[in-house]
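A.B. asks: need coordinates for the following:
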Amino acid sequence: MSYVTPITSESGLLNSFLFLQILVCFCPMCGPSGHSSFGSLSVMAALFILLQGFSNFLYAWYIRENKQGDLLEKFRDSCSVRGVSAEGGGGRGARLAGTRGAEGGGSRLISSLALNQMRASAVSQPFHKDSQREALRSFLSNHPSMLWLMNVFEGENVKASDTLRMLASQEKESITKKKYMLSMAKLSLLASGSAVAREAAMGWINSQMTLIESQENLPESTVINFGYEPDKMPVLTPSEIIKLYIADECVDATEYEFSKALDLLPMIESDSEREELWLTVWCKSILRDSWLDVDSCVPVETCQRKLFFKLVELSLLMGKTPLEVLPPIDKVMAMEDLGTLRDSKSFQYLLQIGYEHYMKL
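C.D. replies: Sure thing, here's the model as predicted:
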């Protein structure tokens with residue numbers, strides 16, 4: 001499933017414009033003689049392409065030809081035209097102007113700082129006054145969603161990565177935003193050249209990216225059945241993702257979906273919750289089949305057709321031992337979710353036969 005959506009709203013256009021202002025404003029500020037380092041430019045270009053969908057080639061041409069000011073004016077005019085033409089008249093335009101005003105000191109500071117420097121090709125000159133840097137840094141200290149940009153262009157890539165990881169950990173509304181933040185945090189970390197900082201943070205970033213991948217791989221029908229919009233998914237917890245993989249609404253779930261649920265269990269911090277979910281996964285796999293069709297001639301083959309034991313076989317193929325895989329049979333029989341199935345003689349017989357067979361492997 002793809003979670004990337006184009007920017008079409010008025011607020012999205014305004015945010016895009018403000019983002020471009022910061023971009024062309026910072027480019028001449030960084031590095032010796034106002035030139036960006038490769039690491040800083042690669043981080044910036046990657047973010048700009050991901051979040052704004054702007055042409056990498058076109059952007060590079062404007063920067064190379066020292067036409068940042070023209071680029072800013074073109075983008076600003078485009079935003080204004082789209083904002084007014086969407087509804088016509090002064091209503092939309094007035095609201096757009098009001099939105100800019102509502103942004104408060106932050107937007108006015110960024111707009112003033114960018115436009116004053118960029119008009120008449122002044123954008124190609126670096127900021128010489130330390131007071132300008134300090135004023136911007138003071139403002140951005142309360143806005144970490146933009147502060148990391150300044151960190152990158154001043155070569156503080158580790159700080160930028162730390163800020164992005166903090167923002168990613170707090171993001172709950174959009175899995176797309178979290179994914180981009182993690183990607184930029186990883187890229188900033190790689191650009192830092194610090195092996196110590198990289199080793200300490202990379203594990204967390206990779207685990208979060210794995211969690212996002214698990215959420216993105218959820219069957220679309222299941223996502224819709226639970227009231228989510230596939231293209232506008234919020235950030236789900238590991239527990240929520242596990243429950244979706246094994247939900248009754250996920251009618252086509254196989255041992256592979258249940259295995260994905262088991263793989264997410266280490267991300268559950270609470271020991272009691274982790275064990276409860278572990279048993280729930282196995283219980284749900286039992287309830288996917290009927291256990292009343294016992295063929296006394298080939299009981300092992302009957303067991304192997306059940307999802308419960310298919311999941312066992314898959315786990316064994318992945319290198320785990322029977323003791324690691326099979327839940328204690330007494331705990332399985334104690335699961336209240338099994339209902340009257342616990343009293344079924346055929347169920348008890350097949351479960352016992354299956355356990356004996358796989359424990360010998």
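
A.B. asks: so which strand or helix has E324?
C.D. replies: helix 322-325 (DSSP states H and E).

A.B. asks: whatever helix or strand comes next after that helix packs against which elements?
C.D. replies: Downstream of helix 322-325, the next assigned helix or strand under DSSP H and E is helix 329-333. Packed against helix 329-333 by the contact rule (3 or more Cβ pairs under 8 Å, 6 or more residues apart in numbering; DSSP states H and E) you find helix 271-287, helix 345-359. Any C-beta I mention is one placed from the backbone N, CA and C, and that applies to glycine too.

A.B. asks: hang on, the earlier thing: so which elements touch the helix holding E324?
C.D. replies: Using 3+ Cβ pairs under 8 Å, 6+ apart, helix 322-325 sits against helix 307-317, helix 345-359.

A.B. asks: still on that earlier bit, reformat the helices and strands packed on helix 329-333 as a markdown table; add mean neighbour count, distance to V332 and mean pLDDT.
C.D. replies: Shown next, in a markdown table, are those (neighbours: other Cβ atoms under 10 Å; distance: least, Cβ to Cβ, whole Å; pLDDT from 0 to 100):
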| stretch | mean neighbour count | distance to V332 | mean pLDDT |
| --- | --- | --- | --- |
| helix 271-287 | 17 | 6 | 97 |
| helix 345-359 | 16 | 7 | 94 |
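
A.B. asks: got CSV for those helices, with distance to P234 too?
C.D. replies: Shown next, in CSV, are those (distance: least, Cβ to Cβ, whole Å):
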stretch, distance to P234
helix 271-287, 20
helix 345-359, 38
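
A.B. asks: go through those and name the closest to L147.
C.D. replies: Among the helices and strands packed on helix 329-333, the nearest to L147 by Cβ to Cβ is helix 271-287 (34.9 Å).

A.B. asks: show me what that closest one is packed against.
C.D. replies: Counting by 3+ Cβ pairs under 8 Å, 6+ apart, the packing neighbours recorded for helix 271-287 are helix 238-245, helix 255-263, helix 307-317, helix 329-333.

A.B. asks: now distance to M146 too, for the ones you listed, in JSON lines please.
C.D. replies: Listed next are the helices and strands packed on helix 271-287 as JSON lines, based on distance: least, Cβ to Cβ, whole Å:
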{"stretch": "helix 238-245", "distance to M146": "30"}
{"stretch": "helix 255-263", "distance to M146": "36"}
{"stretch": "helix 307-317", "distance to M146": "46"}
{"stretch": "helix 329-333", "distance to M146": "51"}
